[in-house]
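Engineer: below is the structure, and that's it, no one-letter string:
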């Protein structure tokens, strides 16, 4: 979370921790960038109007750095005009929430972004996932499961879970282990 309003940052941190996320808080753009370079975050909740380095510049720098390029960015700001929203999204934000907002809406948007990321990761490895999960000879029972459409959905669901929990590399590793 990169937010200069300490009370709002505490509310955001509390709500995200309740969802099971590990949370770090920075009070200005420079501090947020340095924390992101020390430990690459999965998601950044970013205020647009920040001291030292503003949120749009933080977003640009996160997108320019290969180590943080794929980090999800949710912009959070009081600027509700369409032009500001478009500028934030064009800069590289995945979503844009205007203040005031409800904590439930924020949690739902974070869940939606993580799910979208999981599906994006799946699309990136889809060609590899479409290959059979087992090579060589398989038992009759296994062949029956492979033909069962419900079994495929179960495997796909496990791949989605792996992508959500471990990112692209984790999902690829999981799919590779399942193919052996």
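Structural biologist: Thanks, I have the structure now. Computed from a prediction, not measured in an experiment: that's the story for all the values here.

Engineer: pretty sure residue 61 sits in a helix.
Structural biologist: Yes: judged by DSSP: H, G, I helix; E, B strand; the rest coil, residue 61 forms part of a helix.

Engineer: can you report how many residues lie near it?
Structural biologist: 17 (other C-beta atoms under 10 Å). For the C-beta atoms, the positions are set from N, CA and C on the backbone; glycine is no exception.

Engineer: make 40 the starting number, not 1.
Structural biologist: Okay, using 40 as the starting number, the last item reads as residue 100.

Engineer: wait, it touches residue 69, no?
Structural biologist: No: applying C-beta atoms under 8 Å, one finds residue 100 not in contact with residue 69, separated by 10.0 Å.

Engineer: overlap in contacts of these two?
Structural biologist: Residues touching both residue 100 and residue 69 by C-beta atoms under 8 Å, 6 or more residues apart in numbering: residue 92.

Engineer: for stretch 136-144, buried residues please.
Structural biologist: By neighbour count with 16 or more other C-beta atoms under 10 Å, stretch 136-144 contains the buried residues residue 136.

Engineer: quick one: contacts of that stretch?
Structural biologist: The contact list for stretch 136-144 (C-beta under 8 Å, 6+ apart) reads 50-51, 54, 113-119, 124, 145, 148.

Engineer: let me know the average pLDDT across it.
Structural biologist: Here stretch 136-144 scores 86 as its mean pLDDT.

Engineer: nearest residue to residue 127 in space, please, no chain neighbours.
Structural biologist: Spatial nearest neighbour of residue 127, excluding adjacent residues (C-beta to C-beta, 6 or more residues apart in numbering): residue 114 at 4.4 Å.

Engineer: the helices in the chain, which residues?
Structural biologist: 45-57, 68-77, 94-103, 121-130, 142-163, 165-168, 179-186, 188-218 (DSSP state H).

Engineer: any idea which of those scores lowest on pLDDT?
Structural biologist: helix 179-186 (a mean of 44).

Engineer: re the thing from before, looking at the contacts of stretch 136-144, which is nearest residue 81?
Structural biologist: Among these, residue 113 lies closest to residue 81 (C-beta to C-beta), at 11.3 Å.

Engineer: what residues are bridge-paired with that closest one?
Structural biologist: Here residue 113 sits in beta bridges with residue 84, residue 134, as judged by DSSP bridges.

Engineer: look up how far residue 57 lies from it.
Structural biologist: Per C-beta to C-beta, to the nearest Å, residue 113 is found 17 Å from residue 57.

Engineer: quick one, which of the two is more surrounded?
Structural biologist: Using other C-beta under 10 Å as the criterion, residue 113 and residue 57 rank with residue 113 on top: 19 against 10.
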